[in-house]
Structure formats: structure tokens, C-alpha cells
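Asker: From the sequence below, what's the structure:
(2 chains)
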Amino acid sequence: MASATQTWTRHEGRDRAMRIGFVVVAALTVIGSWIWLAETSNMSLQYVSTAPVQLADLFGRMYPPDWAYLPNVVGPLAETIRIAVIGTIAAVAMAAPVAYITAENTTPNKATYLLGKLIVTVSRSVHVIIWALLFVIMFGPGALAGTVATAVRSVGFLGKLLGEEIEEIDFGQVEGIRATGASPAKLLLYGIVPQIKPALVGISVYRWDINVRAATILGFVGAGGIGVQLFEAIDSFAWRTVSAILIAILGVVLISEGISAYARQKVR
Amino acid sequence: MLQTENLGKVYPTGDKALKDVSVEISGQEVVAMIGPSGAGKSTFVRCINRLTEPTSGKVLLDDRELTTLGTDELRNARRDIGMVFQEYNLVERLTVMENVLSGRLGYVSNWAAFRRKFPPEDVQRAYDLLDLVGLDGMENKRVDELSGGQRQRVGIARAVVQEPKIILADEPTSSLDPETSSDVMRLLTDIAVDRNIPVLINIHEVHLAEEYSDRILGLHDGKLVFDGPTADLTGDAKDVIYKGEEIPDTTSVQTGTEVDPTTDGSSDPIAVRE
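Answerer: Coordinates of the predicted model:
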């Protein structure tokens, strides 16, 4: 026989060639699309050289932030948080049945399963700003449109993740409850809900956290919140006001992230 | 009194897990069902309360036929059958008390169930049972903090709080160490006497079956090949059960195939729907 020592490689032959091929294809895609964009669109590097100067200039105009404006953002910021809170609560309420019919192990039949998937897909595939545009037309400008947009966009997210959570549950626990003669509603209450509770809280709070950030720009399309002020300030080149608003938003986002992290570690 | 008449189960894969099993269990007898893996022990027990749907034959509990019941009636019938599982099948994230009281779910409204509001006599019964199984003072512990033996005691308390007419135990000792297994078996036999109900235990540890049961059912390849008092379980009888030797009324014996009752795909496909 050949050599006495055996050799081992994780990938060999065809497998190895395939992997190298993938890297080459990925690299070519990046380089190719860059060149293509540069040729056909405005993506050129001619402004890159002046970018630091522009940035310094912008910061110069933003500094110092207009602290005196801050009292004016308290109301809109509160509205932003309200949009996120009410939108998220409404979304959780709507997502619960959606999750139930989207999970393969609980959906009553094929039709409901497809309906669930449809709701999830439609809700998720449209950006919250586009939903807001739609609802501003329906309900007029203001926080209502923003709240509904937030809720509608969140239903898909929550329904999908909670549905996946239901698919992961331990069936034995449900069976233990079923053997006592419990009805489907009680199976849900005792067999399923306790198993997904940490995920329910974690995912809902996480979505709320996302919604707070999303709600800060809903005002761009007139759907209420701090975005209205931010947009106006940018439009009127009031850069010191803009920086004050951005700092206020940053503060709110940090707080909501803190709450979200706390809630998620609390529930187990 | 529990009777099965020619109970049979053919899985969608074509596996004949259970063939014409007819037994009668009554009084306060402790009946152990033994047999090799895949002999159909679990299938038999699960066919009684229709967690697995039998494909032929009858199950009668106090002369009431269970196999033909509609979903609501079946749920009512299940209230009279306590079940203890190999993997305990407790709700891990709920407390001991919530798990025990879940045995009374068939008797309370959805709203009461949601608020964990059970009648005082149910709560008292649950406390008494926790005392009986040796878990007094543990009512507010979450089940995922308990050891295997403690969990199985909760499982037994949940079954007994139903005030059932029979208790089915599906391999109740398989996840436990030998000493705890004996404790659990002793508990089950005590309950049979105290509550004056029969207990059917499906078990693969023959010595436990011999030590604690009054009567033995031997299953081989889905067929009932032994049914008699524990004293009659001779070495020859064990050979019949475990090796499939000289079965009196059949000609050929196939080797037992491993059938997992939980993978019963078509008859009971969805967790919560019935």
C-alpha cells in the first residue's frame, strides 16, 4: 500500500473546487455590480474626496444643538412612543390567531395554513413607511395612521416568529393535558401558552423596540410622531434643531432598548 | 371496569402494532403489561383513551363504548381515565399545583381555567394528593426545578386528582433510577387499593412487574400471548413473551418491529385538533 500515515481533509476534490468556485462567483458579483452601477447610474466616487469636508461643515452647522428647542419635542416624542406601544399591543392581539394558524402543528387545515402564510407575507413584504402612506390616505395625517401602519407591519413579524415558536413546542406536554379530557381552548391555555410565554414576551418587546425606532420617521409621510418636527427642521436647514431632535431620539431609543433587554431577561 | 375487544391498530406505514387484543381489567388490580420493545405496549395503552386512534375492535369503560364517541363525548370520557407518562408530560413552565390541578380541567370553564380558579374542593384534593405522593410544601415550585422522581409523582397526582375509574401508566419508570422506580411502583399499587381503582402499567422491567403487580399481560408482536396471575409467569412464559416461542394458537411469529406511537402520522396529526 501507499503511505503508512492516513491523511484527512475536511473538504476534498469536487467539494473543494465547488467552494473555491463560490468564493470566486461572490467576488465577481460584488466587483461586477459595482462597475455596472458606476457605468449606468450616478454611483461614482467623485464626491468621496470632499466628504470629510462636507461632514465637518454639517457638524459645524449642527453644533451646538439647539437645547432650547427640546421642550417642544417632548409632546411629539411621547406621541412616537404611544404609536409604538399601541401599535405593538394591537399587533400582538392580531398576531396571536395568525401565529396559531401559521404553525403547522396547530393550524386546523390546509386553507387556514395558507391564509396565515398569506397574512404574514403581505404584512412583512411592505415597509412600514409604505403602509403609513396608505393609511394617511385612508385616515388622514396624524398618529392614527402611524399607529395602524405600525400594527399592520408588526402582525407579520410577530405572527411568523410566534408561529415558529409554536412549531417548536414539546408535544408531550400538550398530550399530558389532552389526556385529562381538556378542550382545545384549555390545551392552548395550559399546553401551549406556557411553553411560548418567554418567546411571546421577548418577541413582543423586541418588536416594540423596533417600532419605537420606526415611529421616529413615520412623520416623514405625515403619520405623526417626532418625524414631523425632524422633517420640518431638515427642510428649513435648521441643523441645530435637527441635532437636538436626533439626540432626543437617541435617548429614547437607548431607554427602549434597556427596557426591552430587561424584560427579556426577566421572563424565562 | 375496562374491557377491550379485539383491539387492533395498523399504522399508516402498514405496521400492525396491535392485533386483536382482548382483556378485562377491574376491581383494584394492578396489571402490568410486559413485552419487548415494539411489541405494542404503548400503542395498546394509548388506544384506550384514544391518544392513538385504534383501527379495529372496541374499548369499553364501565360498559360504555369509547371507540365510537365524538370529540366532546371523548373528552368527557377521558376525564375518567388517568394517565401517567414515561416522560412525565407535565407542563414544565407551570407550577406543581397548576400541573396537578390541570387534572381537573375537564370540569371547569375556560375562563376559570385561564384565571387558575379551581373549586376549593379540587384545591383541597390537590393538596391532599401532594401530601400522599410526598411533595407537600412544593406546590409553588416550577416543574422544571424538580427531579425526575418528583416529576413523576406530580404526574401521578395529576392522574389521581381526576378521580378516574382507571389509571393507565405508560412506562412510568423508564426515565427513573431503580430506587425511584420502586417508589413510583409502590405509589401506584397503593393508589389502586386506596382509591379502589384498577391500574394498568405498561413496563419493560420484568422484575418490577413481578414485584408489584397482581396480574401480568404479555404482549409479543402486537398479540396478547400471556394473561394470568403474576405467580404464573414462569420462565417458559417469559420466553413466549420475549422470544416469541411456541405461541399456542398461531403459526408464524414475526420479529417485533420498533413502532413509535408518537409518530402516528395520519390518524392524529395535529396537536390540538381532535
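
Asker: Quick check: residues of the stretch 1-150 of chain A near chain B?
Answerer: With the criterion set to Cβ under 8 Å from any Cβ of the partner chain, the stretch 1-150 of chain A comes near chain B through A:105-108. For glycine as for every other residue, the C-beta is placed from the backbone atoms N, C-alpha and C.

Asker: Just the buried subset of those residues, please.
Answerer: Neighbour-count burial (16 or more other Cβ atoms under 10 Å in any protein chain shown) applied to these gives A:105-107.

Asker: Could you single out the nearest of those to A:Phe171?
Answerer: A:Asn105 (7.3 Å; Cβ to Cβ).

Asker: in the chain, what spans have low per-residue confidence?
Answerer: Because you didn't say which chain, this covers chain A. A:1-3, A:42-44 (pLDDT under 70).

Asker: Please refer instead to chain B.
Answerer: Within chain B, the ranges that satisfy pLDDT under 70 run B:246-274.

Asker: what do you get if the cut-off is 90, keeping everything else the same?
Answerer: B:38, B:234-237, B:239-240, B:242-274 (pLDDT under 90).

Asker: Would you map the helices across the stretch 151-274 of chain B?
Answerer: With DSSP state H, counting those that start in this stretch as the criterion, the stretch 151-274 of chain B has helices at B:178-195, B:206-212, B:235-243.

Asker: helices or strands up against the longest one?
Answerer: On a contact count with 3 or more Cβ pairs under 8 Å, 6 or more residues apart in numbering or on different chains; DSSP states H and E, helix B:178-195 meets strand B:30-34, helix B:148-161, strand B:166-170, strand B:199-202, helix B:206-212.

Asker: Just list the residues touching B:Gln150, thanks.
Answerer: By Cβ atoms under 8 Å, 6 or more residues apart in numbering or on different chains, the contact list for B:Gln150 reads B:135, B:138.

Asker: One more: A:Ile196?
Answerer: A:162, A:165-166, A:169.

Asker: and it, helix, strand or coil?
Answerer: helix (DSSP: H, G, I helix; E, B strand; the rest coil).

Asker: Can you tell me how far it is from A:Leu188?
Answerer: A:Ile196 sits 10 Å away from A:Leu188, going by Cβ to Cβ, to the nearest Å.

Asker: OK, now which residue of the stretch 1-150 of chain A is nearest to chain B?
Answerer: A:Asn105 (4.7 Å; Cβ to the nearest Cβ).

Asker: again with chain A
Answerer: Counting by Cβ to the nearest Cβ, chain A gets nearest chain B through A:Gly176, at 3.1 Å.

Asker: and A:Val73, that's in a helix?
Answerer: Yes - with three-state DSSP as the criterion, A:Val73 is located in a helix.

Asker: surely it meets A:Ile247?
Answerer: No - if you go by Cβ atoms under 8 Å, A:Val73 and A:Ile247 don't touch, sitting 9.7 Å apart.

Asker: higher neighbour count, these two?
Answerer: The residue with more neighbours, out of A:Val73 and A:Ile247, is A:Val73; 21 against 14, by other Cβ atoms under 10 Å in any protein chain shown.

Asker: does the residue nearest to that one when sequence neighbours are not counted count as helix, strand or coil?
Answerer: Take A:Val73 and drop its neighbours on the chain: the residue closest to it by Cβ to Cβ, 6 or more residues apart in numbering or on different chains is A:Ala248, 5.0 Å away. For A:Ala248, the assignment made with three-state DSSP gives helix.

Asker: Now do the contacts for A:Ala248.
Answerer: A:70, A:73, A:77, A:226.

Asker: can I see the domain layout of the chain?
Answerer: Reading this off chain A. According to automatic domain parsing, chain A comprises the domains A:14-62, A:67-266.

Asker: right idea, wrong chain: chain B
Answerer: The record assigns chain B these domain ranges, following automatic domain parsing: B:1-80+B:166-172+B:192-269, B:87-163.

Asker: Centre of the chain to the last one, how far?
Answerer: To tie it back to what came earlier, the one meant is domain B:87-163. 18 Å (Cα atoms, centre = their mean, to the nearest Å).

Asker: ditto for stretch A:162-175
Answerer: 24 Å.

Asker: Could you do stretch B:13-23 as well?
Answerer: 17 Å.

Asker: what residue lies at the spatial centre of chain A?
Answerer: By Cα atoms, centre = their mean, chain A has its centre lying nearest to A:Ile210, at 5.3 Å.

Asker: No more questions from me, cheers.
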